[in-house]
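**Student:** Just the structure for this:
(one chain, ligands or ions: 1)
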Amino acid sequence: KVKPAASPASEDPSAIAGNISYHAQYSPHFSPLAFGPEQAFYATAESVRDHLLQRWNDTYLHFHKTDPKQTYYLSMEYLQGRALTNAVGNLAITGAYADALKKFGYELEAIAGQERDAALGNGGLGRLASCFLDSMATLNLPSWGYGLRYRYGLFKQRIAKEGQEEIAEDWLDKFSPWEIVRHDVVYPIRFFGHVEISPDGKRKWAGGEVLNALAYDVPIPGYKTKNAISLRLWDATATAEDFNLFQFNDGQYESAAQLHSRAQQICAVLYPGDATEEGKLLRLKQQYFLCSASLQDIIFRFKERKADRVSGKWSEFPSKVAVQMNDTHPTLAIPELMRLLMDVEGLGWDEAWAVTNKTVAYTNHTVLPEALEKWSQAVMRKLLPRHMEIIEEIDKRFREMVISTRKDMEGKIESMRVLDNNPEKPVVRMANLCVVAGHTVNGVAELHSNILKQELFADYVSIWPNKFQNKTNGITPRRWLRFCNPELSEIVTKWLKTDQWTSNLDLLTGLRKFADDEKLHAEWAAAKLASKKRLAKHVLDVTGVTIDPNSLFDIQIKRIHEYKRQLMNILGAVYRYKKLKEMSAADRQKVTPRTVMVGGKAFATYTNAKRIVKLVNDVGAVVNNDADVNKYLKVVFIPNYNVSVAEVLIPGSELSQHISTAGMEASGTSNMKFSLNGCVIIGTLDGANVEIREEVGQDNFFLFGAKADQVAGLRKDRENGLFKPDPRFEEAKQFIRSGAFGTYDYTPLLDSLEGNTGFGRGDYFLVGYDFPSYIDAQARVDEAYKDKKKWIKMSILNTAGSGKFSSDRTIDQYAKEIWGISACPVP
Ligand code: 26V
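**Tutor:** Reported below is the predicted structural model:
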């Protein structure tokens with residue numbers, strides 16, 4: 001055994017400065033002459049990592065000794081963003097590190113700005129996973145995150161003449177100081193091959209090709225606790241045995257290293273395009289890679305924790321292990337756990353099924369039909385022949401169960417089955433597999449969970465009424481208020497006379513009694529202005545556009561999607577611009593000046609989303625350069641929206657738009673971040689908006705638009721020619737069609753809003769129907785903003801009403817109501 005070394009982690013600024021120097025010299029990544037901001041960042045991060053490792057080791061040992069039930073969160077996405085500010089904040093050593101860096105002539109904030117975002121996710125689902133890890137660590141829950149170590153994360157977005165361009169995001173350049181490679185944590189992962197049947201009838205998967213999964217751990221510190229948990233990211237590797245030296249020396253370089261190159265493909269990028277068969281296969285490989293490596297690791301740990309555990313004790317497994325599947329992407333955890341239990345550990349079907357069912361649970365994050373995963377049975381059989389057998393058996397047994405116990409449901413079986421055997425395109429329905437195999441299924445906001453129960457999964461509810469739950473999403477108040485908005489945080493702490501709100505967000509309700517206090521108003525407005533100025537500087541830096549911090553900052557940032565209706569936002573801005581142009585100069589002076597900001601990435605192959613990006617940019621180019629009106633309106637597209645950009649934009653926002661067609665946004669989580677930062681929402685009754693409005697009060701939320709239960713009827717009306725468009729809607733579209741914003745052909749985009757062109761789905765997202773009430777709500781916003789007192793009060797009441805949306809609350813509910821785990825704090 002190695003004797004434990006003294007910890008280099010210190011909270012004394014001089015000792016910290018010494019430790020930073022030590023890392024600059026003895027963990028060198030650069031030539032020794034310079035110590036610029038970049039070098040300072042890496043040395044500082046490595047010094048902070050010493051603190052994390054200490055806690056990480058203590059936590060692992062403590063969990064090992066106490067052997068509690070653990071949760072394993074399986075997710076194809078994590079949007080971690082930057083880690084330095086968060087780490088020193090959670091460890092409560094921000095001041096000490098700031099002082100230490102001053103000794104080198106650096107500001108901590110500037111050094112933190114050197115870090116690249118870890119963007120191993122697309123949007124809300126990935127960021128949710130990252131917020132959950134922060135809360136799990138903070139609540140001292142025995143838990144792990146599992147994911148993939150993508151070489152290139154979510155693409156970088158550049159705005160060029162033709163609109164969005166995607167560039168590979170090299171987050172590992174130079175390297176990540178936070179990850180620790182675990183050379184001793186390696187598992188074999190098989191692809192392709194065949195099923196062998198031994199004389200005693202046992203089935204076993206063999207042949208094909210075998211790669212290795214290698215673990216990289218990222219420590220996740222909890223806020224003001226000794227616990228630090230782990231995000232384990234798998235990388236794919238091949239071995240020296242897979243390298244054909246003979247071929248290589250013969251000049252056949254590519255075939256010599258074929259398996260090495262296939263290993264590299266697995267974790268090369270997040271969501272590779274799946275238009276081709278190769279692309280689909282690669283995505284399925286990624287999903288299986290995550291599931292198999294994670295489950296082998298979980299089983300290893302289950303055995304490691306009690307040396308006397310032998311097969312026969314497998315019924316204990318669900319009392320030690322909870323697996324949460326973040327959407328259907330990790331569904332293969334189900335057949336993989338079945339396979340490992342039956343083929344490797346020797347359990348029978350019934351026993352393995354009981355263990356699997358009690359272990360896995362599924363969170364649904366969308367009802368959009370195109371996002372509900374279906375995998376070709378042929379592809380699945382080719383890549384994972386044994387898993388396909390197991391899935392077929394699950395399907396067969398489910399059908400038999402329904403037929404034998406629920407005669408009344410017989411007519412529903414075809415749509416409830418795991419397999420869709422449509423001869424044209426036989427597929428596996430991943431959501432159905434999750435519902436059939438998991439012990440719990442949850443949605444992510446009240447409205448969404450109700451839609452799941454009443455529509456998408458209604459038939460299953462009648463079989464398993466207790467399987468379905470709601471867990472309204474949440475966000476970590478550390479990153480999303482305490483650290484990203486220090487000015488407002490200080491005010492909150494001062495008025496509440498405690499900073500305990502950081503881990504008990506319900507305390508924010510204490511602000512309500514000061515909502516009319518003029519002194520608070522003055523401080524609140526000053527903090528908002530400071531954040532607005534920081535935001536204005538960012539906008540100037542990345543776009544060259546100057547915006548006025550005294551105008552109303554109106555922001556919509558999220559993935560670009562037709563259901564999120566950025567198109568309605570920009571049509572509203574176009575309408576506003578047209579009215580401004582028609583006004584007299586005297587009338588313009590009475591208008592509330594506004595800066596409309598839109599940011600977000602469009603999926604690379606999503607044509608209409610990319611057209612929307614182009615349109616926002618084109619409208620901005622005209623409006624911002626129109627000297628008649630640009631004092632009253634600016635339209636800015638914020639490029640390359642990501643976590644660290646959000647941390648600048650959200651504190652500086654005053655109005656934010658969450659305007660999806662009702663019933664389509666499962667929850668939304670940026671809505672919670674905005675509201676927490678004292679930003680008022682204009683929104684539909686969709687996703688978590690419903691609950692936010694309840695919490696902050698309906699007077700502090702600008703509501704408009706159709707309700708979820710009206711949507712189907714409105715679409716029917718539209719199909720039947722019963723929809724009469726509002727003249728303002730026609731006017732805005734016509735203005736764009738007239739070429740007012742350049743020569744780009746917006747006809748296909750605008751035609752998607754028409755009900756009668758036969759193009760697309762005929763305004764499927766009901767922009768035309770909701771537009772008039774949207775414009776009216778925006779007019780109410782303009783009026784409200786003129787009354788500064790009223791506006792600040794609304795802002796305060798938004799923050800005060802945000803307590804429910806802490807991910808600590810969400811995770812506490814998962815822990816108690818789904819996972820059955822409890823806190824295990826390091827003493
Ligand atoms: C689907 C697809 C399909 C095409 C390739 C890329 C890709 C990536 C992810 C998905 C699943 C989409 C599900 C999702 O992200 N849902 C979001 O989850 C958030 C957290 O619960 C929630 O706040 C958002 O409302 C919901 O859209």
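**Student:** what does the stretch 251-400 of the chain put close to the ligand?
**Tutor:** Within the stretch 251-400 of the chain, the residues that sit near the ligand (C-beta under 6 Å from any ligand atom) are Tyr271, Asp327, His365, Thr366, Ala371. (C-beta placed from N, C-alpha, C; glycine too.)
**Student:** Only whichever of those are buried, select them in PyMOL.
**Tutor:** The buried subset of those, as determined by 16 or more other C-beta atoms under 10 Å, is captured in PyMOL by this line:
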select buried, resi 271+327+365+366
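**Student:** any chance of the residues of the stretch 251-400 of the chain next to the ligand in TSV, with pLDDT too?
**Tutor:** Below are these laid out as TSV (pLDDT from 0 to 100):
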residue	pLDDT
Tyr271	89
Asp327	98
His365	98
Thr366	97
Ala371	86
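**Student:** Please produce TSV containing the residues of the stretch 251-400 of the chain next to the ligand, extended by distance to Ile391 and secondary structure.
**Tutor:** Converted to TSV, these look like this (distance: C-beta to C-beta, whole Å; DSSP: H, G, I helix; E, B strand; the rest coil):
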residue	distance to Ile391	secondary structure
Tyr271	23	coil
Asp327	18	coil
His365	22	coil
Thr366	22	coil
Ala371	21	helix
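**Student:** Show me the shaky parts of the stretch 301-450 of the chain.
**Tutor:** The model of the stretch 301-450 of the chain has pLDDT under 70 over residues 307-312.
**Student:** Going by residue numbers, what spans are helices in it?
**Tutor:** 317-320, 333-339, 349-359, 377-383, 385-405, 413-416, 430-437, 446-451 (DSSP state H, counting those that start in this stretch).
**Student:** Of the ones you listed, flag the one that's most buried.
**Tutor:** helix 333-339 (a mean of 26; mean count of other C-beta atoms under 10 Å).
**Student:** Packing partners of that helix?
**Tutor:** helix 277-305, strand 321-326, helix 349-359, strand 360-363, helix 385-405, helix 430-437 (3 or more C-beta pairs under 8 Å, 6 or more residues apart in numbering; DSSP states H and E).
**Student:** hmm, try it at 10 Å
**Tutor:** strand 203-206, helix 277-305, strand 321-326, helix 349-359, strand 360-363, helix 385-405, helix 430-437 (3 or more C-beta pairs under 10 Å, 6 or more residues apart in numbering; DSSP states H and E).
**Student:** can you give me the strands in the stretch 451-600 of the chain?
**Tutor:** 468-470, 552-557, 594-599 (DSSP state E, counting those that start in this stretch).
**Student:** I should have written the stretch 651-800 of the chain there, sorry.
**Tutor:** Using DSSP E, counting those that start in this stretch, the strands of the stretch 651-800 of the chain run over residues 655-658, 680-683, 701-703.
**Student:** Select, out of the helices and strands packed on helix 333-339, the one closest to Thr684.
**Tutor:** Closest to Thr684 of these, according to C-beta to C-beta: strand 360-363, at 22.9 Å.
**Student:** Show me the strands paired with the closest one, marking each as parallel or antiparallel.
**Tutor:** According to DSSP bridges, strand 360-363 forms sheet pairs with strand 321-326 (parallel), strand 440-443 (parallel).
**Student:** For that strand, which residues meet the burial criterion?
**Tutor:** Neighbour-count burial for strand 360-363 flags Val360, Ala361, Tyr362, Thr363 (criterion: 16+ other C-beta under 10 Å).
**Student:** which among those residues gets closest to Thr276?
**Tutor:** Using C-beta to C-beta, Tyr362 comes nearest to Thr276 of the buried residues of strand 360-363, at 28.5 Å.
**Student:** pretty sure that closest one is touching Gly438, no?
**Tutor:** Yes: with contacts counted by C-beta atoms under 10 Å, Tyr362 reaches Gly438, the gap being 4.4 Å.
**Student:** Name the residues contacting each of those two.
**Tutor:** Counting by C-beta atoms under 10 Å, 6 or more residues apart in numbering, the contacts common to Tyr362 and Gly438 are Val323, Gln324, Met325, Thr331, Ala333, Ile334, Lys467.
**Student:** which two in the residues you listed are spaced the farthest apart?
**Tutor:** Across the shared contacts of Tyr362 and Gly438, the longest distance by C-beta to C-beta is 17.4 Å; it joins Ala333 and Lys467.
**Student:** can you pull the contacts of the residue of the stretch 351-500 of the chain found nearest the ligand?
**Tutor:** Nearest to the ligand, among the residues of the stretch 351-500 of the chain, is His365, at 3.5 Å (C-beta to the nearest ligand atom). Shown in contact with His365 (C-beta under 10 Å, 6+ apart): 124-125, 128, 326-329, 371, 442-444, 448, 473, 666-667.
**Student:** And stretch 626-642, what's buried?
**Tutor:** Buried residues in stretch 626-642, counted by 16+ other C-beta under 10 Å: 629-630, 632-642.
**Student:** Could you tell me which of those are located in strands?
**Tutor:** Applying DSSP state E to these, the entries found in strands are Leu633, Lys634, Val635, Val636, Phe637, Ile638.
**Student:** wouldn't the last one be in contact with Ile557 here?
**Tutor:** Okay, so that is Ile638. Yes: using C-beta under 10 Å as the test, Ile638 is close enough to Ile557 to be in contact (7.0 Å).
**Student:** Please identify the residues of this structure in proximity to the ligand?
**Tutor:** By the rule C-beta under 6 Å from any ligand atom, the part of the chain lying against the ligand is 122-125, 128, 271, 327, 365-366, 371, 444, 473, 665-669, 687.
**Student:** re earlier: among the helices of the stretch 301-450 of the chain, which is nearest Arg594?
**Tutor:** Among the helices of the stretch 301-450 of the chain, helix 446-451 comes nearest to Arg594, with 29.5 Å by C-beta to C-beta.
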